[in-house]
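[1] based on what follows, work out the 3D shape:
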Amino acid sequence: MVRTTQLVAVGMGVALPLVHADVYKMCKDNKCQDCPVGLTNAGTGYPNCVTYDSDTVFFNSDYPGSGGGGWRPYFDIPKLDPGCKLIVKSPANTDLPGCGYMIASFSQPACAVLNLEKSFMLQFCCGNGDCSAAGASKMRRSAKFGGKYGLGEPLDIEAASGGMYSLVLRDANGTEITPTQVGAPPVAARREPSKPNADHPTPLADRGPKAKRSCDDGSWRADDGKAEYTRPADNTQIVARGVAGPGSVEITSTRSQSFTTSMNIGFADILSLGVGFEMTESVSDSTAHSFTVLEGQSGDVGFTSYMLCTAGSGRCNDGQVRGEICTPKVVKQGDDEVLDGIYGLIIHS
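    Down below sits the predicted model:
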């Protein structure tokens with residue numbers, strides 16, 4: 001039995017602009033003709049993150065599988081209203097910034113294949129206000145590619161780390177498919193220092209100057225279970241543009257990441273606090289990396305670095321400070337140290 005589902009967009013109690021029911025579809029073929037999963041949008045009041053288990057949604061539907069235990073549906077996207085976008089994120093989880101990694105942003109008609117991992121979510125937004133909500137505009141280009149946007153400037157993909165409306169799945173009878181998670185993304189109140197100069201990137205593991213410190217030495221106390229953990233950075237860097245499969249692309253552009261903190265303190269202050277692991281002010285890495293693009297896929301390659309973090313409290317200027325501190329995570333690769341992170345294809349129309 002094939003399950004037919006409808007996708008309903010809900011959020012903030014505000015109805016979304018409607019085209020008509022079942023105009024968005026998830027299909028099995030590259031012509032977008034065999035499409036048992038239908039998508040529609042309306043609006044009624046969910047928080048801005050609704051994630052799904054891929055197996056639950058595509059159960060017994062004969063969709064092609066993808067690496068990592070996910071699925072490979074083709075998205076049939078018709079003409080959207082001006083300024084509107086359909087956003088796809090996978091994997092997705094309410095613990096991740098923006099509740100997931102953006103793998104596609106559609107604003108024009110398309111029949112595009114996507115690799116959905118074991119979890120995913122979809123969002124719909126219209127206008128810069130909605131599409132930039134909840135910490136959006138976090139995409140940034142590598143300096144090598146330049147173009148209209150420079151390092152640290154937002155791309156057109158404005159719902160990369162958040163969005164105003166999440167999409168809810170319903171079956172053919174109108175019964176809502178139970179989401180895996182429903183909730184808001186982590187609060188992104190982190191302060192990131194200015195980016196390294198694009199023409200003179202900071203070398204790998206370069207410490208900043210030890211300026212005058214205002215925090216008490218060794219006063220950092222981590223919260224229970226938060227002494228040391230890893231999470232993805234809040235921003236994604238575009239490291240290759242206009243790639244198409246099948247084939248592989250060699251990534252040689254510089255990836256860079258700076259420390260972040262949710263507190264109003266500087267890097268020298270963090271060194272004084274003593275977080276329990278080595279802090280690095282900024283990391284840049286141009287080690288070559290090979291990325292595979294599957295047949296029928298095209299778009300940009302994004303890189304999201306991993307951050308080594310701690311959350312807790314310390315003393316600065318005779319008072320308590322509380323929040324999160326993160327440093328770029330590096331790993332050994334042969335004799336070298338490289339910036340750790342995840343690469344992914346970002347499809348957009």
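[2] where along the chain do the helices fall?
    Counting by DSSP state H, the chain forms helices over residues 54-57, 127-131, 267-273, given from the N-terminal end onward.
[3] to residue 26, which of those lies closest?
    Nearest of the helices of the chain to residue 26, taken as C-beta to C-beta: helix 54-57 at 8.7 Å. No exception for glycine: its C-beta is placed from N, CA and C like everyone else's.
[4] pull the CA atoms of that closest one into PDB?
    This file holds the C-alpha atoms of helix 54-57, laid out as PDB (Å, rounded to 0.1, in the frame of the first residue of the first chain):
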ATOM      1  CA  SER A  54      12.200   9.700   6.900                       C
ATOM      2  CA  ASP A  55      11.200   6.100   7.300                       C
ATOM      3  CA  THR A  56       7.900   7.000   8.800                       C
ATOM      4  CA  VAL A  57       7.000   9.400   6.000                       C
END
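[5] hang on, the earlier thing: any chance of JSON lines for the helices of the chain, columns distance to residue 37?
    Conversion of the helices of the chain to JSON lines gives the following (distance: least, C-beta to C-beta, whole Å):
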{"stretch": "helix 54-57", "distance to residue 37": "8"}
{"stretch": "helix 127-131", "distance to residue 37": "24"}
{"stretch": "helix 267-273", "distance to residue 37": "48"}
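[6] and the ones you listed, which is most packed in?
    Ranked by average neighbour count under the criterion mean count of other C-beta atoms under 10 Å, the helices of the chain are headed by helix 267-273 at a mean of 22.
[7] between the helices of the chain, which one is closest to residue 247.
    Nearest of the helices of the chain (C-beta to C-beta): helix 54-57, 25.8 Å.
[8] want to throw the helices of the chain into a markdown table with mean pLDDT and distance to residue 247?
    Formatted as a markdown table, the helices of the chain follow (pLDDT from 0 to 100; distance: least, C-beta to C-beta, whole Å):
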| stretch | mean pLDDT | distance to residue 247 |
| --- | --- | --- |
| helix 54-57 | 84 | 26 |
| helix 127-131 | 59 | 31 |
| helix 267-273 | 94 | 41 |
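[9] quick one: closest of these to residue 297.
    Relative to residue 297, the nearest member of the helices of the chain by C-beta to C-beta is helix 54-57, separated by 17.6 Å.
[10] what's the closest one in contact with?
    Helix 54-57 is contacted from outside by 5, 37, 70-71, 90, 116-120, 169, 177-178, 180, using C-beta atoms under 8 Å, 6 or more residues apart in numbering.
[11] of those, the lowest pLDDT goes to which?
    In terms of pLDDT, the lowest of the contacts of helix 54-57 is residue 5, showing 42.
[12] and the closest residue to residue 278 other than its chain neighbours, bridged to which residues?
    Using C-beta to C-beta, 6 or more residues apart in numbering and skipping residues adjacent in sequence, the residue nearest residue 278 is residue 327, 7.4 Å away. With DSSP bridges applied, residue 327 shows beta-bridge pairing to residue 308.
[13] export the contacts of helix 54-57 to CSV and tack on neighbour count and distance to residue 344?
    Rendered in CSV, the data for these read as follows (neighbours: other C-beta atoms under 10 Å; distance: C-beta to C-beta, whole Å):
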residue, neighbour count, distance to residue 344
5, 22, 25
37, 25, 23
70, 21, 13
71, 21, 16
90, 26, 9
116, 27, 12
117, 20, 10
118, 17, 15
119, 23, 14
120, 25, 13
169, 21, 23
177, 17, 25
178, 10, 27
180, 18, 20
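[14] which among those residues gets closest to residue 289?
    residue 117 (19.7 Å).
[15] any idea how far the closest one lies from residue 342?
    Here the distance between residue 117 and residue 342 works out to 11 Å (C-beta to C-beta, to the nearest Å).
[16] just residue 63 next, same as before
    24 Å.
[17] neighbour count: these two, which is higher?
    More crowded of residue 63 and residue 342, by other C-beta atoms under 10 Å: residue 63, with 23 against 14.
[18] dihedrals phi and psi, that one?
    Dihedral pair for residue 63: phi -80, psi 150, per degrees, to the nearest 10.
[19] can I assume it is in contact with residue 34?
    No. In terms of C-beta atoms under 8 Å, residue 63 does not count as a neighbour of residue 34; the distance is 9.8 Å.
[20] joint contacts of those two?
    residue 28.
[21] and residue 314, how far is that from residue 273?
    Spatial separation of residue 314 from residue 273 under the definition C-beta to C-beta is 4 Å.
[22] who touches both of the two?
    Between them, residue 314 and residue 273 have 215, 216, 219, 220 as joint contacts when contacts are counted by C-beta under 8 Å, 6+ apart.
[23] tell me the confidence at the second one?
    When you say that, I think you mean residue 216. The per-residue pLDDT reported for residue 216 equals 94.
[24] follow-up on the earlier one: count the neighbours of the residue nearest to residue 278 for me.
    A count of neighbours around residue 327, defined by other C-beta under 10 Å, yields 24.
[25] contacts only, for it.
    Applying C-beta under 8 Å, 6+ apart, we find residue 327 in contact with 259, 277, 278, 279, 280, 307, 308, 309.
[26] kindly report the same for residue 107.
    Contacts were defined as C-beta under 8 Å, 6+ apart; by that measure residue 107 touches 80, 84, 85, 86, 348, 349.
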